[in-house]
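Chemist: A structural model of the following input is requested.
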Amino acid sequence: MFSQISGRVRLAATVLGTALALAGPVSLAQAAPLDNEPLAAFTAAARTNTAAPAAWAAGTRAYLVITAPGDTTAVRTAVANNGGSVFASYDAIGVIVAHSTSASFAATMRGVSGVQKVGATRTSDVPADAYNPALPANPSQATAPTTEPVRSDMTQIKADQAWAVNPGSASVKVGILDTGVDDQHQDLAPNFNAADSVSCAYGKTDTRTGAWRDVDQHGTHVAGTVAAAKNGKGAIGVAPGVKISSVRIAEPGTTLFFAENTICGLVWAGDHGFKVTNNSYYTDPWQFNCPDDLDQAAILEGVGRAQAYADGKGSLQVAAAGNSNVDLANKTTDSSSPNDSTPVTRTLTNACLDIPAELPGVVTVAANGTSGTSKASFSNYGRDVIEVSAPGESVYSTAPGGKYASLSGTSMASPHVAGVAALLASANPAYTPADIRAKLGEQATDLACPSDARCTGTTAKNSFFGEGRVDALKAVGGSTPPAGAYFENLTDVAIADNATVESSLTVSGVTGNAPATLKVGVDIKHTYIGDLKVDLVAPDGSVYTLHNRTGSGTDNIAQTYTVNASSEVANGVWKLRVNDNASQDTGKIDAWNLTF
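Modeler: As a prediction, the model looks like this:
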């Protein structure tokens with residue numbers, strides 16, 4: 001969903017519902033032109049300086065003070081000498097977050113030697129909560145569901161097929177830059193990485209336990225789409241084997257994402273090894289930031305530097321295109337900004353950008369409708385702006401308190417792409433952000449323009465879908481299984497030490513014998529697969545060995561095997577037999593399938 005979290009219309013469908021409804025402030029990301037020259041890359045470690053600011057006072061406003069990357073000591077001193085206080089400082093990118101009650105602060109600082117840009121980040125006061133932030137609630141958890149159906153959004157991008165090949169590596173970290181994440185949720189807790197989670201609300205890191213928790217529901221929903229665990233409960237994410245970290249950049253109450261919060265989050269992502277981040281918001285209070293406005297020019301520069309820094313550290317940013325059904329390649333007017341005070345109508349040019357989505361290097365995502373081949377009615381679009389598309393209508397995922405909800409928006413499409421990006425990183429650990437970005441487009445399923453004059457371009461690349469709908473199966477090196485009957489067992493079977501266990505599938509309705517290319521998808525969770533022997537047992541008792549104590553201390557078997565079972569009658573009870581031949585490491589058969 002888009003957060004009006006920035007003058008954006010945030011779309012949210014009610015729990016299990018399909019109708020779109022307007023929701024409170026949560027900024028939805030808008031898309032950005034891809035022809036901008038990249039900002040200089042920043043690769044030094046981003047030391048964050050924080051000073052104890054003066055006590056909060058009414059009228060306190062926040063500013064970005066931009067200077068040369070490196071030692072910001074002189075400019076920080078100038079801030080203090082000119083009626084301001086340093087709230088946070090990101091030396092590696094030359095960005096200082098300053099607070100002041102002086103109406104002349106920005107103008108005065110623009111005249112200071114070494115200062116390149118200065119801009120107010122909001123048209124409202126900084127809340128008193130910034131000086132002593134309250135921790136978000138830790139909600140009690142509902143009873144976990146006992147089913148975990150594979151949803152249409154996952155089948156559209158072939159995530160359900162990808163899981164049998166590679167569900168994602170636990171070494172890949174995905175940052176959820178959003179309203180926070182409920183880390184106690186039964187579908188998120190198995191993959192949650194608390195060590196790298198943080199709050200960046202107000203523009204300064206807060207590493208207290210729970211500071212990362214959700215102040216809405218948006219971030220928890222996004223997190224589930226990326227990496228809800230494949231555990232038989234509720235929902236499965238695109239990449240259920242990767243780790244997720246929460247970087248809360250929304251402020252409580254307003255759920256707005258101001259520039260200093262975004263900068264803090266992106267720098268954190270770079271410094272903490274996030275291979276991918278999801279950004280389903282736009283930077284408040286301006287839906288579009290225009291370089292001919294002094295305040296917005298500073299926002300563009302500061303957030304742009306933070307994105308370049310994260311990218312240079314190996315982090316790819318994926319962002320939602322926005323929910324206003326507008327052509328981002330032909331901007332005309334904006335009447336929704338600023339969204340933290342009184343909006344005004346202003347004329348735009350294409351130089352005015354929705355950030356972070358329109359920044360260089362960011363993957364901009366449009367939403368498909370429920371069919372998987374249409375543009376969702378609300379989704380923004382734009383020739384050479386949209387890079388790829390993904391399901392974004394009535395997406396079922398996690399909600400705080402162990403609950404689940406169906407939401408709609410490009411905010412729901414973006415995490416599908418972030419999940420596919422995480423699968424690409426899992427399958428190709430050496431890939432750079434540029435490599436992943438390129439592969440997302442190359443592997444996408446081409447979608448032709450509908451009968452709509454607004455859609456321009458070719459089937460291979462157009463203004464509605466970019467290079468097409470993302471493909472999770474190709475991301476992990478798989479291919480669409482051959483046409484044929486498909487049977488699956490999702491019931492967990494525990495694998496104890498020095499024990500043999502079996503999981504059964506009853507095949508019926510298949511004529512004749514099994515094929516010479518019988519596909520056997522295996523998903524076994526185990527912490528030392530060198531202990532395991534895995535066999536496929538045909539209905540007549542014939543045994544076909546799939547895995548025989550290889551892999552040493554590697555975790556988990558997630559693979560599709562090809563077996564010549566042409567001598568076997570297809571119909572009957574097939575079994576997956578797992579023998580654990582050692583002590584100390586245990587696991588389970590998570591799922592397995594047969595494709596005839």
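
Chemist: contacting residues for Gln116?
Modeler: Ile66, Thr67, Ala68, Gly94, Glu301 (CB atoms under 8 Å, 6 or more residues apart in numbering). The C-beta positions use only the backbone N, C-alpha and C, and glycine is treated the same way.

Chemist: count of residues packed around the third one?
Modeler: Same thing as Ala68. 12 (other CB atoms under 10 Å).

Chemist: surely it and Ser113 touch.
Modeler: No: contact between Ala68 and Ser113 fails when scored by CB atoms under 8 Å: they sit 11.2 Å apart.

Chemist: in helices, which of the contacts of Gln116 fall?
Modeler: Glu301 (DSSP state H).

Chemist: buried subset of the contacts of Gln116?
Modeler: Buried subset of these (neighbour count, 16 or more other CB atoms under 10 Å): Ile66, Thr67, Gly94, Glu301.

Chemist: farthest-apart pair in these, please.
Modeler: Greatest spacing in the buried ones among the contacts of Gln116, by CB to CB: Thr67 and Glu301 (10.6 Å).

Chemist: picking that back up, tabulate the buried ones among the contacts of Gln116 in TSV, adding columns for pLDDT.
Modeler: Listed next are those as TSV, based on pLDDT from 0 to 100:
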residue	pLDDT
Ile66	98
Thr67	98
Gly94	98
Glu301	98
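
Chemist: would you list those in JSON lines and tack on distance to Tyr131?
Modeler: Shown next, in JSON lines, are those (distance: CB to CB, whole Å):
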{"residue": "Ile66", "distance to Tyr131": "24"}
{"residue": "Thr67", "distance to Tyr131": "25"}
{"residue": "Gly94", "distance to Tyr131": "25"}
{"residue": "Glu301", "distance to Tyr131": "26"}
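
Chemist: of those, which is the nearest to Ser394?
Modeler: The closest of the buried ones among the contacts of Gln116, once distances to Ser394 are taken by CB to CB, is Glu301, at 38.3 Å.

Chemist: so which residues of the chain form helices?
Modeler: 73-81, 105-109, 152-156, 159-165, 218-227, 259-271, 294-312, 410-427, 433-442, 472-475.

Chemist: tell me which of those helices sits nearest to Val534.
Modeler: helix 159-165 (13.7 Å).

Chemist: before we move on, back to that, can you list the helices of the chain in CSV and add distance to Val174?
Modeler: Putting these into CSV (distance: least, CB to CB, whole Å) gives the following:
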stretch, distance to Val174
helix 73-81, 33
helix 105-109, 36
helix 152-156, 17
helix 159-165, 14
helix 218-227, 5
helix 259-271, 10
helix 294-312, 13
helix 410-427, 5
helix 433-442, 12
helix 472-475, 14
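
Chemist: closest one to Tyr90 among those?
Modeler: helix 259-271 (5.4 Å).

Chemist: how about the CA coordinates for the closest one, as PDB?
Modeler: What follows is helix 259-271, C-alpha atoms only, in PDB (Å, rounded to 0.1, in the frame of the first residue of the first chain):
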ATOM      1  CA  ALA A 259      13.800  12.800   4.200                       C
ATOM      2  CA  GLU A 260      16.100  12.500   7.300                       C
ATOM      3  CA  ASN A 261      14.400   9.200   8.100                       C
ATOM      4  CA  THR A 262      14.900   7.800   4.600                       C
ATOM      5  CA  ILE A 263      18.600   8.900   4.700                       C
ATOM      6  CA  CYS A 264      19.100   7.200   8.000                       C
ATOM      7  CA  GLY A 265      17.500   4.000   6.700                       C
ATOM      8  CA  LEU A 266      19.500   3.900   3.500                       C
ATOM      9  CA  VAL A 267      22.800   4.500   5.200                       C
ATOM     10  CA  TRP A 268      21.900   1.800   7.700                       C
ATOM     11  CA  ALA A 269      21.200  -0.600   4.900                       C
ATOM     12  CA  GLY A 270      24.600   0.000   3.300                       C
ATOM     13  CA  ASP A 271      26.400  -0.400   6.600                       C
END
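
Chemist: give me the helices and strands touching that helix, please.
Modeler: strand 61-67, strand 84-90, strand 95-100, strand 173-178, strand 243-248, strand 276-279, helix 294-312 (3 or more CB pairs under 8 Å, 6 or more residues apart in numbering; DSSP states H and E).

Chemist: need the winner for burial among those.
Modeler: strand 276-279 (a mean of 33; mean count of other CB atoms under 10 Å).

Chemist: rewinding a little: any idea which of the contacts of Gln116 is closest to Pro360?
Modeler: Nearest to Pro360 among those, with distances taken as CB to CB, is Glu301, at 12.9 Å.

Chemist: quick one: residues contacting the closest one.
Modeler: Leu39, Leu64, Ile66, Gln116, Lys117 are the contacts of Glu301 under CB under 8 Å, 6+ apart.

Chemist: wait, the second one touches Thr262, no?
Modeler: No: shown here, Leu64 and Thr262 do not form a contact pair, counting by CB under 8 Å, at 10.7 Å.

Chemist: around the closest residue to Ala134 other than its chain neighbours, how many other residues sit close by?
Modeler: Nearest residue to Ala134, sequence neighbours excluded (CB to CB, 6 or more residues apart in numbering): Pro252, at 7.1 Å. Neighbour count of Pro252, defined by other CB under 10 Å: 20.

Chemist: so Ala128 touches Trp56, yeah?
Modeler: Yes: between Ala128 and Trp56 there is a contact at 4.6 Å, judged by CB under 8 Å.

Chemist: of the two, give the one with the bigger neighbour count.
Modeler: Neighbours per residue, other CB under 10 Å: of Ala128 and Trp56, the larger number sits with Trp56, 17 against 13.

Chemist: dump the residue contacts of Ser104.
Modeler: Contacts here follow CB under 8 Å, 6+ apart; on that basis Ser104 touches Gly83.

Chemist: returning to that earlier point: closest to Arg248 out of the helices of the chain?
Modeler: helix 218-227 (7.0 Å).
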